[in-house]
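*Asks:* Based on what follows, work out the 3D shape:
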Amino acid sequence: MVLICVILVGSCAGRQDTSPFEHPFRNPPAFTSHVRCDNCGMDRNRFARTRYVFDTEKGRFYTCSIACLVILSMKMDLKPENIKVAEYLNPFNMIEADRAVYVIGSKAKGTMTRRSKIAFFSKSQAERFVAEYGGRIATFREALQEARKEILKEKEK
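*Replies:* Numbers count the residues shown, from 1 in each chain. This next block holds a predicted model:
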């Protein structure tokens with residue numbers, strides 16, 4: 001336990017907060033009434049910019065991130081359908097994940113991942129964000145694939 005704390009403290013030492021927007025929210029409004037992530041239990045209002053909702057044959061699920069969507073799907077052997085994601089710049093708005101434009105690896109903080117995978121309503125919004133905060137434009141499928149790779153790599157350790 002002590003070793004883990006030392007590693008976490010050490011990895012954060014000297015790092016500046018480079019996130020362009022407040023994430024997680026310190027005192028969030030009620031973005032959603034489904035507050036807890038069905039995978040990890042984190043507060044989805046605090047992590048509203050990266051939250052998801054999706055359907056499966058076992059019902060509807062709510063997660064705080066694309067990582068938790070992938071983990072929950074793998075744990076329960078579920079195929080997510082009708083996936084919606086919060087729009088990063090307007091987290092009150094949920095958009096179809098397949099229609100969203102993603103930015104991977106910007107200065108924005110990731111949720112449950114080192115490399116952020118955040119959704120935008122339009123390509124022009126995503127391009128402006130990339131111009132200012134870095135990252136690369138991607139589709140939902142590419143973001144999902146990268147999240148899966150990260151999770152499988154972590155499981156191997």
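*Asks:* Are we agreed that residue 55 is in a strand?
*Replies:* Yes: under DSSP: H, G, I helix; E, B strand; the rest coil, residue 55 sits within a strand.
*Asks:* wait, isn't it in contact with residue 82?
*Replies:* Yes: assessed by Cβ atoms under 8 Å, residue 55 is found in contact with residue 82 at 4.5 Å. Quick note: C-beta positions are derived from backbone N, CA and C, even for glycine.
*Asks:* Report the contact partners of residue 139.
*Replies:* 101-102 (Cβ atoms under 8 Å, 6 or more residues apart in numbering).
*Asks:* Could you measure from it over to residue 123?
*Replies:* 11 Å (Cβ to Cβ, to the nearest Å).
*Asks:* list residues touching both of these two?
*Replies:* The overlap between the contact sets of residue 139 and residue 123 (Cβ under 8 Å, 6+ apart) consists of residue 101.
*Asks:* Could you find the closest non-adjacent residue to the residue nearest the centre of the chain?
*Replies:* The chain has residue 65 as the residue nearest its centroid, 3.3 Å off, counting by Cα atoms, centre = their mean. Leaving aside its sequence neighbours, residue 65 sits nearest to residue 111 (Cβ to Cβ, 6 or more residues apart in numbering; 3.8 Å).
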